[in-house]
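Engineer: A structural model of the following input is requested.
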Amino acid sequence: MKIFIYTDFEKKITTNTKNKLISISKKLGLDIVDNIIDCDIIISIGGDGTFLKSSHKSQEKPIIGINTGTLGYLTEINPEDIENALENILEGKYYIERRMMVEGEIIKPSGEIIEIPPALNEIGISKNMTGVVRFDVFINKKLINSYTADGILVCTPTGSTAYNLSCGGPIVDPTAHILTLTPVAPHTVINRSIVLADDSTVEIEITELRENTSSYVLYDSFPLEVFSGDIVRIKKSDKITKIIKIENTSFIDTIRENIS
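Structural biologist: Numbering: from 1, shown residues only. Reported below is the predicted structural model:
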């Protein structure tokens, strides 16, 4: 079996964990490759942010995360459990969860289209420190509401426990097939999340940026600046993220451990 190791920054615990992984991999006869295209699985070392970056590069190769971060909703293997995890993988004692992603495009008033790459957690609209953003939200071409807010999120079930949770959105089983629309600090009476079918298309038309506000599309926290008059179209992606699961731990167990 060929593995590709991904980590996006070096700190002591990450470096030590990577060295430990390399040593155990050699002991078990695993090949470590330098090109992600050549691997059978990706091993992400870090926190959930590192895992998200791995998912962007994965080309739908299965990923398993070793947690050297904090909460670890996505990275379920602790450094001390590396050898046991790899042995289970070699023995076929694992399963793969297929997680949906979202993708989109920014449509400029000129007709120019800027692609938004697939994201595992969410695609959202956000702003800088000052002012607010005004925008209209359409679901399948029908206006659902006009907002004055700090932003809005269109998130996958996987992303429900990320920024969406901080904004008061619902916790969703990560294997569900829905989209969640959650406003960020809205200045409106309607401030609840809206749960949508996964074949819905969401369009966010930015109508005004107040008080020298700058606004951005964030796909898993990667920014693309947008301006008044831009339309952000978001839908379920054809791409998925494959996550290797070894422990027989349910979604409910994970929620209880991380949120209690």
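Engineer: distance-wise, check the closest residue to residue 37 other than its chain neighbours relative to residue 96.
Structural biologist: Leaving aside its chain neighbours, residue 37 sits nearest to residue 59 (6.9 Å; criterion: C-beta to C-beta, 6 or more residues apart in numbering). Where C-beta positions appear, they are placed from N, C-alpha and C, glycine not excepted. Residue 59 is 15 Å from residue 96, where distance means C-beta to C-beta, to the nearest Å.
Engineer: of the two, who's got more company?
Structural biologist: For residue 59 versus residue 96, neighbours defined as other C-beta atoms under 10 Å are more numerous around residue 96 (13 against 10).
Engineer: quick one: residues contacting that one.
Structural biologist: With contacts taken as C-beta atoms under 8 Å, 6 or more residues apart in numbering, residue 96 has the following neighbours: 62, 242-245.
Engineer: how does it look with 6 Å?
Structural biologist: 62, 242, 244 (C-beta atoms under 6 Å, 6 or more residues apart in numbering).
Engineer: how near is it to residue 220?
Structural biologist: 20 Å.
Engineer: run the chain-centre distance for the helix or strand hosting residue 116.
Structural biologist: Element membership for residue 116, per DSSP states H and E: strand 113-119. Relative to its chain's centre, strand 113-119 lies at 14 Å (C-alpha atoms, centre = their mean, to the nearest Å).
Engineer: hmm, who's touching the longest helix along the chain?
Structural biologist: Criterion DSSP state H: the longest helix present in the chain is helix 12-28. Contacts to helix 12-28, defined as C-beta under 6 Å, 6+ apart, come from residues 7, 32, 45, 66, 68, 79, 82-83, 86.
Engineer: what mean pLDDT does that helix have?
Structural biologist: Averaging pLDDT along helix 12-28 gives 95.
Engineer: list the strands paired with the helix or strand following that helix, with their directions.
Structural biologist: Next along the chain after helix 12-28, taking DSSP H and E as the criterion, comes strand 31-32. Paired neighbours of strand 31-32 in the sheet (DSSP bridges): strand 2-6 (parallel).
Engineer: next, the angle from the strand it pairs with to helix 12-28.
Structural biologist: 170 degrees (axes from the mean of the first three to the mean of the last three C-alpha atoms, to 10 degrees).
Engineer: if we go by neighbour counts, what in strand 2-6 is buried?
Structural biologist: Going by neighbour count (16 or more other C-beta atoms under 10 Å), the buried part of strand 2-6 is 3-6.
Engineer: check stretch 58-65 too.
Structural biologist: Neighbour-count burial for stretch 58-65, counted by 16+ other C-beta under 10 Å, picks out 58, 61-65.
Engineer: got it, and stretch 72-79?
Structural biologist: Of all the residues in stretch 72-79, those buried under the rule 16+ other C-beta under 10 Å are 72-77, 79.
Engineer: and what of stretch 18-34?
Structural biologist: For stretch 18-34, the neighbour count (16+ other C-beta under 10 Å) marks 18, 20-21, 24-25, 30 as buried.
Engineer: cool, and stretch 140-159?
Structural biologist: 144-145, 147-159.
Engineer: now do the end-to-end distance for it.
Structural biologist: Chord length of stretch 140-159, first to last residue, is 22 Å (C-alpha to C-alpha, to the nearest Å).
Engineer: how far does it sit from the chain's center?
Structural biologist: 16 Å.
Engineer: mind listing the strands for the stretch 1-150 of the chain?
Structural biologist: 2-6, 31-32, 41-46, 63-67, 95-107, 113-119, 122-127, 133-139, 142-149 (DSSP state E, counting those that start in this stretch).
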